[in-house]
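Q: got a predicted model here, sequence first, then my questions.
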Amino acid sequence: MPAEQPELSIVVMFTHDAEQAERCLNGIATARSEVPASETIIVLNRASQAVRSVIEARAAGARVIDSPTNTGTAVAWQLGFTAARGEFVLLLHEDAVPLPAMTPKLIGTLKSEHAAAAVGPWIEETRGTPSVNAGWLRFGRLGTRLTPDLLPVGLADAPYAVNEISSSISLWRRSA
């Protein structure tokens with residue numbers, strides 16, 4: 001059941017992959033258990049029938065925005081973001097899975113970093129590639145994706161500023 005005054009709105013966009021949708025919904029269940037004052041908003045972005053079946057079976061209580069056309073990520077997230085009521089909005093692609101303790105840590109970071117509009121976690125790729133950071137530093141026209149070997153000592157477990165965060169998973173301060 002959605003929280004009356006949610007602290008967190010989880011907005012996720014689904015398109016075609018039912019297996020990814022299942023994994024993502026498992027991660028969302030974990031995030032919701034860690035932040036009970038939360039709501040889930042699902043944007044079906046010209047979703048396949050297989051994805052629709054997963055959503056029907058697993059997403060009771062979620063608000064669903066159903067687009068018959070694939071609007072693209074930006075428009076889909078805008079639809080979900082507009083529907084969000086929480087102070088914080090967690091935006092997810094269907095292939096992103098919130099890990100245990102991630103969401104409360106991101107919320108805590110936004111609460112303590114008053115100048116930040118959004119934060120992103122480290123991203124662990126599951127297709128054999130190494131973990132990478134969700135942030136990018138810009139040097140002129142060149143972008144550098146931050147990896148553990150590029151971080152100054154002591155920053156691996158602490159928040160630090162970047163110019164951009166990954167579009168796969170990010171937490172936003174709705175007021176920003």
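A: Yep, it's here.

Q: surely Glu7 meets Leu90?
A: No. Under the criterion of Cβ atoms under 8 Å, Glu7 is not in contact with Leu90, lying 10.8 Å apart. C-beta: built from backbone N, CA, C; applies to glycine.

Q: who has more neighbours, those two?
A: Leu90 (26 against 15; other Cβ atoms under 10 Å).

Q: which strand or helix spans the more buried one?
A: Leu90 is located in strand 88-93, with elements delineated by DSSP states H and E.

Q: next, the angle from the following helix or strand past that strand to strand 88-93.
A: For strand 88-93, the following helix or strand on the C-terminal side (DSSP H and E) is helix 102-112. With axes from the mean of the first three to the mean of the last three Cα atoms, to 10 degrees defining the directions, helix 102-112 sits at 130 degrees from strand 88-93.

Q: list the buried ones in helix 102-112?
A: 102-103, 106-107, 109-110 (16 or more other Cβ atoms under 10 Å).

Q: which one of those is nearest Ala59?
A: Thr103 (17.3 Å; Cβ to Cβ).

Q: surely the closest one meets Leu171?
A: Yes. Using Cβ under 8 Å, Thr103 makes contact with Leu171 at a distance of 7.3 Å.

Q: and for the two, which residues touch both?
A: Leu90 (Cβ atoms under 8 Å, 6 or more residues apart in numbering).

Q: would you put the C-alpha positions of the strand holding Leu90 in PDB?
A: Coordinates of each C-alpha in strand 88-93 appear next as PDB, following Å, rounded to 0.1, in the frame of the first residue of the first chain:
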ATOM      1  CA  PHE A  88      13.200  12.000  -2.900                       C
ATOM      2  CA  VAL A  89      12.700  10.300  -6.300                       C
ATOM      3  CA  LEU A  90      14.700   7.100  -7.200                       C
ATOM      4  CA  LEU A  91      14.800   6.800 -11.000                       C
ATOM      5  CA  LEU A  92      15.600   3.300 -12.400                       C
ATOM      6  CA  HIS A  93      16.000   1.700 -15.700                       C
END
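
Q: how about the strands of the chain, start to end?
A: 8-14, 38-45, 63-67, 88-93, 118-119, 122-123, 132-133, 135-139, 142-145, 164-165, 169-173 (DSSP state E).

Q: hmm, back to that, who's in contact with the strand holding Leu90?
A: 7-13, 24, 28, 31, 73, 77, 80-81, 98, 103, 106-107, 110, 167-174.

Q: skipping adjacent residues, who's closest to Ser48 in space?
A: Once flanking residues are discounted, Ser48 sits nearest to His16: 4.5 Å by Cβ to Cβ, 6 or more residues apart in numbering.
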